[in-house]
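> build me a structure from this.
(2 chains)
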Amino acid sequence: MHGLAFDVSHLLAGGLVLVSLMLLYQDRLYSLLNVFALHAVVLSLAVAWQAHIQEAPHLFVTAAIALGFKAILIPVALHRMVRRLGIHRTIETVVGIGPTMLFGIGLVALSIMVMLPVTEQADALTQEDLAFALSVVLLGLLMMVTRRNAVGQVVGFMSLENGLILAAAGAKGMPLVVEISVAFSVLIAFIVIGIFLFRIRERFDTVDVQVLERFRGEQP
Amino acid sequence: MTALADVATAGVLIIPAVFAALLAIIPSYRLGAILNVLASAATLVAGSTLLIARPSASLYLIVDDFNIFLILLNTFVSFTTSVFSASYISHELASGRLSARYLRFYHAMYQTLMFAMNLALLANNIGLMWVAIELATLTTVLMVGIYRTHAALEAAWKYFILGSVGIALALFGTILVYLAARPVVGQGLDAMAWNLLVDKAPAFDPALLNLAFIFLLIGYGTKVGLAPLHAWLPDAHAEGPTPVSAVLSGLLLNVALYALLRFKILLTANAAALAPGALMIGIGLVSLIFASLMLYRRRDIKRMFAYSSIEHMGIITFAFGMGGPIASFAGLFHMAMHSLTKSAIFFAVGHISQAKGTQKISEIRGLTESHPVLGWGLVLGVIAIAGMPPFGIFMSEF
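Below is the predicted model:
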């Protein structure tokens, strides 16, 4: 039984990293949002499995929030927003897809090399979970760096938060306070982002962040 | 005595929260401004009461020698800022840059920010503290973007993205600290309480603590505005309303630094972990040098003082990095002096830029002739912030 528990959680956490890598090479906004929904589904499965094997019922709440909020509500809302704004469907990335993927793989290797020796005292499950969570966090950062489009950056940020939730769920016995607040703050963050996207649209007629860079107080 | 202490603690947290809700539903901006001042004054009274009656630490809240002085500073500067903002805001309304609806929003956000900062300072739980700092970030993002101009939106967006990434990294560090504490302190809330963590810190796994501190340094360091991650700070200061610049510079940077210092204490308590001092000295010096280079040839007056904030945060981080009783005392003293002086400067700058209708340094001239009080006030403030004697910053820098 123990072997199975370990294998499944390993599978799910690894799956999350794979979906993170998939997010990196999506070049259309709609498919990006779909893959992000998949990301959230995998996350909620992983968290639910953790809840099952740790016998921590409060983690089921976290899993439900991840499923309902991040896998359904946010992608639907973003879909609508993209449609209403009528923004270009292709995403301009700063770096090409090939180098980005190579860099992403490098980041995964790096986080495993960093986390495994450090967490030697913890049990194998926590160890793997943390290594994967760090990879998801780093991949989310990479995605925020390589996207020019505000929607793309927001999706990158949310996948980064997913990684954090995986880490929090993997840390055994972490109190509920943190998980609920993380979910809650994502909600707030999303509202803020939504308002922002609309205002950016109002003012600039584009969601391309590049245009925002035009004004600087630094130039004479 | 304990009853009084409990009331005071509750007051510091509940007064801003209640008034935030109240201000959100009051349509009149004049009444809003008055209530804002009243709420801040009441919070200041509650904060000072903590000096004489100190509650015992619970699992969520704590008052000790370190944070009590910051709470006092925080409530005091928020009170003075609310007074300043009352006059500033009516001028903004008259010049048509803000409408009454935004003002209602602004006042509610102001009290929410106070609540978040007081909670962050009082928290005895590393998770709770993180939530409070996140709340503070979100409210300031909304306040920075309140003018709805290109520049203000860009500043707010930049602040939001950098701030939330920093905060996310800090959360990862927080989780790692919990993991390090769990085998020693035991599962659950105990492993997140400061007073328990510090007692047991010598037994923690040093490797995990090291890694956690790196994440925390980068994460909260972003909020402090330390050198490689400072990019949001000048924009947010220059484009937001001036009372917000004063609160950002004088208080929020302090709160983030306070969070970082708490974790530094943990690492110092563990002999096997790497010395956090060297890292903090390094990053502090880099900020200091970078900011002093950037101070040269600034054209926007608020932007110039924003760089000066980065510089002073660098000095403070450097002082705490050196450690030892004298350096730490100097650091604390400098934190207090910087908050008071910098918020005073921003008050002067706010009135000046309203009087002159510009923020460009080259167009602000002849002030001592036209507005003698403002002009000489700014001169005094600049002399103080530059570290000349007889002012407080000279004492701590010396």
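> now the nearest residue in space to residue A:105 that is not next to it in sequence: how far from residue A:108?
Nearest residue to residue A:105, sequence neighbours excluded (Cβ to Cβ, 6 or more residues apart in numbering or on different chains): residue A:21, at 7.6 Å. Where you see a C-beta, it was placed from the backbone N, CA and C, and this is true even at glycine. Distance from residue A:21 to residue A:108, counting by Cβ to Cβ, to the nearest Å: 8 Å.
> residues that sit against both of those two, list them.
Jointly contacting residue A:21 and residue A:108 under the rule Cβ atoms under 8 Å, 6 or more residues apart in numbering or on different chains are residue A:139.
> so which bits of the stretch 51-200 of chain B are right by chain A?
B:125, B:127-128, B:130-131, B:134-135, B:138, B:141-142, B:145, B:148, B:150-151, B:153-154, B:156-158, B:160-161, B:164-165, B:168-169, B:171-172, B:174-176, B:178-179, B:182-183, B:187-189, B:191-192 (Cβ under 8 Å from any Cβ of the partner chain).
> any of those residues buried? List them.
B:125, B:127-128, B:130-131, B:134-135, B:138, B:141-142, B:145, B:150-151, B:153-154, B:156-158, B:160-161, B:164-165, B:168-169, B:171-172, B:174-176, B:178-179, B:182, B:189, B:191-192 (16 or more other Cβ atoms under 10 Å in any protein chain shown).
> so which of those sit within helices?
B:127-128, B:130-131, B:134-135, B:138, B:141-142, B:150-151, B:153-154, B:156-158, B:160-161, B:164-165, B:168-169, B:171-172, B:174-176, B:178-179, B:182 (DSSP state H).
> one step back: buried sites along the helix or strand containing the residue nearest to residue A:105?
Of the helices and strands defined by DSSP states H and E, residue A:21 is found in helix A:2-24. For helix A:2-24, the neighbour count (16+ other Cβ under 10 Å) marks A:9, A:10, A:12, A:13, A:15, A:16, A:17, A:19, A:20, A:21, A:23, A:24 as buried.
> the host helix or strand of residue B:352 - contacts with which helices or strands?
Residue B:352 belongs to helix B:324-356 when assigned by DSSP H and E. Other elements packing on helix B:324-356 under the criterion 3 or more Cβ pairs under 8 Å, 6 or more residues apart in numbering or on different chains; DSSP states H and E are helix B:65-94, helix B:242-247, helix B:253-269, helix B:301-322, helix B:367-370, helix B:372-385, helix B:392-397.
> deepest of these, which one?
Ranked by mean neighbour count, the helices and strands packed on helix B:324-356 are led by helix B:242-247 with a mean of 28 (mean count of other Cβ atoms under 10 Å in any protein chain shown).
> other SSEs contacting it?
Packed next to helix B:242-247, using 3+ Cβ pairs under 8 Å, 6+ apart, are helix B:65-94, helix B:100-122, helix B:126-144, helix B:232-239, helix B:301-322, helix B:324-356.
> which one of those lies closest to residue A:3?
Proximity to residue A:3 (Cβ to Cβ) singles out helix B:126-144 among these, at 32.6 Å.
> quick one: distance of the closest one to the chain centre.
Centroid separation for helix B:126-144 versus its chain: 11 Å, with Cα atoms, centre = their mean, to the nearest Å.
> what mean pLDDT does it get?
Helix B:126-144 carries an average pLDDT of 81.
> ditto for stretch A:73-85
75.
> is that stretch in proximity to chain B?
No: Stretch A:73-85 is not in contact with chain B by Cβ under 8 Å from any Cβ; minimum separation 15.3 Å.
> pull out the buried residues from that stretch.
A:74, A:75, A:78, A:81, A:82, A:85.
> now do the strands in chain A.
Listed in chain order, chain A contains no strands at all (DSSP state E).
> where in it is pLDDT low?
A:1-2, A:85-93, A:119-125, A:172-220 (pLDDT under 70).
> now do 80
A:1-6, A:26-29, A:54-66, A:68-71, A:73-74, A:77-97, A:116-129, A:147-154, A:169-220 (pLDDT under 80).
> how many residues are close by residue B:331?
Neighbour count of residue B:331, defined by other Cβ atoms under 10 Å in any protein chain shown: 22.
> now it: closest residue in space that isn't a chain neighbour?
Per Cβ to Cβ, 6+ apart, closest to residue B:331 is residue B:319, 3.6 Å.
> distance check, residue A:114 against chain B.
Taking Cβ to the nearest Cβ, to the nearest Å as the measure, residue A:114 falls 7 Å from chain B.
> contact partners for that residue?
Counted by Cβ under 8 Å, 6+ apart, residue A:114 has contacts A:134, B:211.
> tell me who's in contact with the closest residue to residue B:340 other than its chain neighbours.
Distances taken as Cβ to Cβ, 6+ apart place residue B:77 nearest to residue B:340, at 6.9 Å, with adjacent residues excluded. Applying Cβ under 8 Å, 6+ apart to residue B:77 gives the contacts B:246, B:247, B:250, B:251, B:339, B:340, B:343.
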